[in-house]
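K.L.:
model this:
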Amino acid sequence: MIAVSVAVAGWFAVRRLLKPPVAATDPLRLATSWDLLAACLRAGLPVAEAVGVIADRVPGDGGKALRTTSGLLALGADATDAWRPTAAVPATAALARGARRTARSGTELAAVASTLATEVRASANDIAEGRAQRAGVLIAGPLGLCFLPAFVCLGIVPVAAGLAGHLGLSG
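P.N.:
The predicted model follows:
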């Protein structure tokens, strides 16, 4: 009965601890958006239009900020001013920093977007791997609590009783 209680409590604890945190944006969806931006830019689409294309694919505040940035770029605003709304959103801040840098130095924004996509995917992979390792550790606890009594009863007690009988310690 105790083993069942421990197993049920362990199951609920593992489910609660492994529940993914609520994220503002899906990292893989964000990485796909950065890849799409890079593809649009490499295909020759102007920056304002390319940003407008991905704005609908980025959920939440990131999409709103990208739509605002797209509109400002289309109106001919300075890159620093145009990317300011995007820099204020954590999901798109790295893109805004890269876009500001490319506007000044002349490097390709497509390369920045591709690099961001790779970094986001690597980060998502690290998070998933960490959760999987944590699951392995959390599962070992309840299993150990269930198997330890059986090991003691079936492995150690008979050996100890046998040794005690051979040594003449049993009464």
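K.L.:
let me know the next secondary structure element after the worst-scoring helix or strand of the chain on mean pLDDT.
P.N.:
Using mean pLDDT, DSSP states H and E, helix 2-18 stands out as the lowest-scoring helix or strand of the chain, at a mean of 70. Going down the chain from helix 2-18, the next helix or strand is helix 27-42, by DSSP states H and E.
K.L.:
relative to the whole chain's centre, how far out is that following helix?
P.N.:
The chain centroid and the centroid of helix 27-42 are separated by 17 Å under C-alpha atoms, centre = their mean, to the nearest Å.
K.L.:
list the buried ones in it?
P.N.:
Buried residues in helix 27-42, counting neighbours by 16 or more other C-beta atoms under 10 Å, are found at 27, 30-41. Yep, even glycine has a C-beta here, placed from its N, CA and C like the rest.
K.L.:
for stretch 140-152, same thing?
P.N.:
Pro142.
K.L.:
next, Gly76: secondary structure please.
P.N.:
Three-state call for Gly76 (DSSP: H, G, I helix; E, B strand; the rest coil): coil.
K.L.:
who's in contact with it?
P.N.:
Not one residue lies near Gly76 by C-beta atoms under 8 Å, 6 or more residues apart in numbering.
K.L.:
tell me the phi and psi of it?
P.N.:
For Gly76, the backbone dihedrals (degrees, to the nearest 10) come out as phi 90, psi 20.
K.L.:
before we move on, what about Gly44?
P.N.:
Dihedral pair for Gly44: phi 100, psi 10, per degrees, to the nearest 10.
K.L.:
tell me the spacing between the nearest residue to Ala82 once chain neighbours are set aside and Val47.
P.N.:
Spatial nearest neighbour of Ala82, excluding adjacent residues (C-beta to C-beta, 6 or more residues apart in numbering): Leu72 at 3.9 Å. With distances taken as C-beta to C-beta, to the nearest Å, Leu72 is found 11 Å from Val47.
K.L.:
can you classify the residue positioned nearest the centre of the chain as helix, strand or coil?
P.N.:
Centroid-nearest residue in the chain, with C-alpha atoms, centre = their mean: Ala124, separated by 3.7 Å. Secondary structure assignment for Ala124 (three-state DSSP): helix.
K.L.:
quick revisit: contact partners for the residue nearest to Ala82?
P.N.:
So Leu72 contacts 81-82, 85 (C-beta under 8 Å, 6+ apart).
K.L.:
what is the burial count for Thr69?
P.N.:
Thr69 has 28 neighbours, counted by other C-beta atoms under 10 Å.
K.L.:
circling back: helices - which of the contacts of Leu72 land there?
P.N.:
81-82, 85 (DSSP state H).
K.L.:
cool, thanks, signing off.
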